[in-house]
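In: Need a 3D model of the following:
(one chain, ligands or ions: 1)
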Amino acid sequence: MGNGAKAAQKRERNADKGAAKGSKSQAKVNEAAKSIVCATCRQNFLITTRAPALEEHAQNKHSKTMAECFPGTPK
Ligand SMILES: [Zn+2]
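Out: The predicted structure follows:
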């Protein structure tokens, strides 16, 4: 009788299913939400980047204002 072995196999497969339930895709979504993108050159900045740093980028790289390069970014 190989019933015992079959049952064990089934249990193992179910365990694998549970382990595969990762949150990789969620991490990707979070990463996208975390970035500020320069509208002029598409460079990415962390959402934690301070306004002065963004302003510096806009002025030094494009001779533009922060509002032009980063519309929608709170001051
Ligand atoms: Zn830029």
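In: Would you mind naming what in the chain lies close to the ion?
Out: 38, 40-41, 43, 61 (CB under 5 Å from the ion). From N, CA and C alone the C-beta is placed, and that goes for glycine too.
In: How about stretch 38-58, which residues are buried there?
Out: With burial defined by 16 or more other CB atoms under 10 Å, the residues of stretch 38-58 counted as buried are 38-39, 45, 54-55, 57-58.
In: Apologies, that question was intended for stretch 63-70.
Out: 64, 66, 69-70.
In: Phi and psi next, for T49.
Out: phi -60, psi 130 (degrees, to the nearest 10).
In: For T73, report the pLDDT, please.
Out: In the predicted model, T73 carries a pLDDT score of 74.
In: Sketch out the strands for the protein, chain order is fine.
Out: 35-37, 44-46 (DSSP state E).
In: can I get those in CSV with mean pLDDT?
Out: Putting the strands of the chain into CSV (pLDDT from 0 to 100) gives the following:
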stretch, mean pLDDT
strand 35-37, 90
strand 44-46, 91
